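Visitor: okay, sequence plus prediction incoming.
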Amino acid sequence: MSSLPPLVAPVAELSREEVGRYSRHLIIPDIGMDGQRRLKSARVLVIGAGGLGSPTLLYLAAAGVGTIGIVEFDEVDESNLQRQVIHGQSDIGRPKGESARDSIAEINPYVHVELHPRRLDNDNAIELFEQYDLILDGTDNFATRYLVNDAAVLAHKPYVWGSIYRFEGQASVFWEDAPDGRGLNYRDLYPQAPPPGMVPSCAEGGVLGILCASIGSIMGTEAVKLICGVGDPLLGRLMVYDALDMTYRTIKIRKDPDAPVITELIDYDDFCGVVSTEGSAAAAGSTITPAELKERIDAGDRVALIDVREPVEWDIVHIDGATLIPKDEIISGAGLSKLPQDRPAVLYCKTGIRSAEALAAVKRAGFVDAVHLQGGITSWAKQVDASLPVY
């Protein structure tokens, strides 16, 4: 399939210094002076300066994209450094956007960075997208992915999408208004978000750090191709990368004739439902805070601490006296026989999401006095036992 028309006109001129800097681009016939001037003229918005945003931002800056916007409200945490290579040890505790801006300045001082240190939401997404030529979405949750998609459709902008989990990554290009009838959006691939708890986040399930470089570089490559109008972009194709098998495969995406027309932004947290309705109902009135649990333990109350995480997480850290019964065993019913009958169960996971889902199954099985720990072992470590590692 032929390439799309260039997204950006080559209005900017290159200085003598920039010609020297971008010389390896300039001698590629498909890019040349014309393509490099398009890159300099381009305004690209990157959602997130995390695992996927880090390599993407670095390479877009090195490539000479003239203006890069960064939407990022988080701060650098030590656990980020395993994969978020745009940040360093001295950046821990700093706003990620500021850290990313400083790294970009070291890579290429000719790039202008615009920081948007706020959470992307219904009130700002469309207006923000309208200020840029191209959007890159490296977010790690379904609610924001659907928000980015719908806002891009309403702002009439193309965007490059990437996703990572453990050893697998995906990437594609979506553009509802693409020429020649090629228009597609994320809902043509995923009309509905997966059921709550079906697809854990990277924070819950983990990710191979170097995988971010593979998918981030693909996202950056697609951005350059779209800006310059070269090659065959991933519009209409989903690229799936498996690092363990070292395989790349592409799957055709077609327009879903039954997909609803996007006319407005919706409540994406409600649409995606991080916790299922049943899990939320089970947790209502059956949630205990770390301080309350400690008080009960100190008072000598007999409770059964049930860790519903995976064995690899148990090996990292667990609460003394707890019993490991992974959530899947509880949901399937196979682990219910391990629950004690003589004292109330207190379920916990990493952050409280999986334990709410497990709690629903436990209550269905007749353990009506069971509760779950608010905020999981992460909150327990921060509020009760600071000696425990946080992962």
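Guide: Cool, the structure landed.
Visitor: alpha carbons only for contacts and neighbour counts from here, please
Guide: Noted.
Visitor: how long is stretch 28-37 from one end to the other?
Guide: 14 Å (C-alpha to C-alpha, to the nearest Å).
Visitor: what about that stretch, average pLDDT?
Guide: Here stretch 28-37 scores 97 as its mean pLDDT.
Visitor: got a pLDDT number for Pro200?
Guide: For Pro200, the predicted pLDDT is 68.
Visitor: typo on my end, Gly197
Guide: 59.
Visitor: now Phe178, what's its secondary structure?
Guide: Just to correct that, residue 178 is Ala rather than Phe. Here Ala178 is recorded as coil under DSSP: H, G, I helix; E, B strand; the rest coil.
Visitor: that one and Asn149: what is the separation?
Guide: Counting by C-alpha to C-alpha - Ala178 and Asn149 are separated by 14 Å.
Visitor: same question, Glu106
Guide: Distance from Glu106 to Asn149, by C-alpha to C-alpha: 32 Å.
Visitor: which one's more surrounded, these two?
Guide: For the pair Glu106 and Asn149, the greater number of neighbours falls to Asn149 (25 against 13), based on other C-alpha atoms under 10 Å.
Visitor: that one touches Leu184, doesn't it?
Guide: No: the pair Asn149 / Leu184 is not scored as a contact, 10.2 Å apart, by C-alpha atoms under 8 Å.
Visitor: domain map for this structure?
Guide: Using automatic domain parsing, the domain parsing of the chain gives 16-272, 277-383.
Visitor: would you list those in JSON lines and tack on distance to Pro10?
Guide: As requested, the domains of the chain are exported to JSON lines (distance: least, C-alpha to C-alpha, whole Å):
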{"stretch": "domain 16-272", "distance to Pro10": "4"}
{"stretch": "domain 277-383", "distance to Pro10": "48"}
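Visitor: between those domains, which gets nearest to Pro6?
Guide: Proximity to Pro6 (C-alpha to C-alpha) singles out domain 16-272 among the domains of the chain, at 3.7 Å.
Visitor: gap between stretch 207-220 and the chain center?
Guide: 12 Å (C-alpha atoms, centre = their mean, to the nearest Å).
Visitor: just the CA atoms of the helix or strand harbouring Val362, as PDB, please.
Guide: Assessed by DSSP states H and E, Val362 sits inside helix 353-364. Only the C-alpha atoms of helix 353-364 are listed here, as PDB (Å, rounded to 0.1, in the frame of the first residue of the first chain):
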ATOM      1  CA  ILE A 353      -7.600  -4.200  42.800                       C
ATOM      2  CA  ARG A 354      -7.100  -8.000  42.600                       C
ATOM      3  CA  SER A 355      -8.100  -8.400  46.300                       C
ATOM      4  CA  ALA A 356     -11.400  -6.800  45.600                       C
ATOM      5  CA  GLU A 357     -12.100  -9.200  42.800                       C
ATOM      6  CA  ALA A 358     -11.000 -12.200  45.000                       C
ATOM      7  CA  LEU A 359     -13.200 -10.800  47.800                       C
ATOM      8  CA  ALA A 360     -16.300 -11.100  45.600                       C
ATOM      9  CA  ALA A 361     -15.600 -14.800  45.000                       C
ATOM     10  CA  VAL A 362     -14.800 -15.400  48.700                       C
ATOM     11  CA  LYS A 363     -18.100 -13.800  49.700                       C
ATOM     12  CA  ARG A 364     -20.000 -15.800  47.100                       C
END
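Visitor: average model confidence for that helix?
Guide: If you average the pLDDT values across helix 353-364, you get 94.
Visitor: okay, buried residues for it please.
Guide: Residues of helix 353-364 classed as buried: Ile353, Arg354, Ser355, Ala356, Glu357, Ala358, Leu359, Ala360, Ala361, Val362 (neighbour count, 16 or more other C-alpha atoms under 10 Å).
Visitor: pretty sure Ala370 is in contact with Tyr348, am I right?
Guide: No: using C-alpha under 8 Å, Ala370 is not in contact with Tyr348; the gap is 11.1 Å.
Visitor: the two: which is more packed in?
Guide: Higher neighbour count among Ala370 and Tyr348: Tyr348, with 32 against 21, using other C-alpha under 10 Å.
Visitor: make a markdown table out of the buried residues of helix 353-364 and add distance to Thr56.
Guide: Putting the buried residues of helix 353-364 into a markdown table (distance: C-alpha to C-alpha, whole Å) gives the following:
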| residue | distance to Thr56 |
| --- | --- |
| Ile353 | 30 |
| Arg354 | 31 |
| Ser355 | 35 |
| Ala356 | 35 |
| Glu357 | 35 |
| Ala358 | 37 |
| Leu359 | 40 |
| Ala360 | 40 |
| Ala361 | 41 |
| Val362 | 43 |
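Visitor: report the two of those separated the most.
Guide: It's Ile353 and Val362 that sit farthest apart of these, by C-alpha to C-alpha, at 14.6 Å.
Visitor: run through the strands of the stretch 51-200 of the chain in chain order.
Guide: Under the criterion DSSP state E, counting those that start in this stretch, the stretch 51-200 of the chain contains strands at 67-71, 112-116, 134-137, 159-165, 168-174.
Visitor: between those, which gets nearest to Leu226?
Guide: Leu226 sits nearest to strand 134-137 of all the strands of the stretch 51-200 of the chain, at 8.6 Å, using C-alpha to C-alpha.
Visitor: strand partners of the closest one, parallel vs antiparallel please.
Guide: strand 43-47 (parallel), strand 159-165 (parallel) (DSSP bridges).
Visitor: show residues contacting it.
Guide: For strand 134-137, contacts defined as C-alpha atoms under 8 Å, 6 or more residues apart in numbering pick out 43-48, 129, 145, 148, 152, 157-162, 219, 223.
Visitor: find the centremost residue of this structure, please.
Guide: Centroid-nearest residue in the chain: Asp140, 1.3 Å away (criterion: C-alpha atoms, centre = their mean).
Visitor: what separation is there between that one and Tyr165?
Guide: Taking C-alpha to C-alpha as the measure, Asp140 falls 9 Å from Tyr165.
Visitor: what residues are shared contacts of the two?
Guide: Ser201, Cys202.
Visitor: flag the shaky bits of the stretch 51-200 of the chain, pLDDT-wise.
Guide: Applying pLDDT under 70 to the stretch 51-200 of the chain flags the ranges 196-200.
Visitor: having no further points to raise, I will conclude here.
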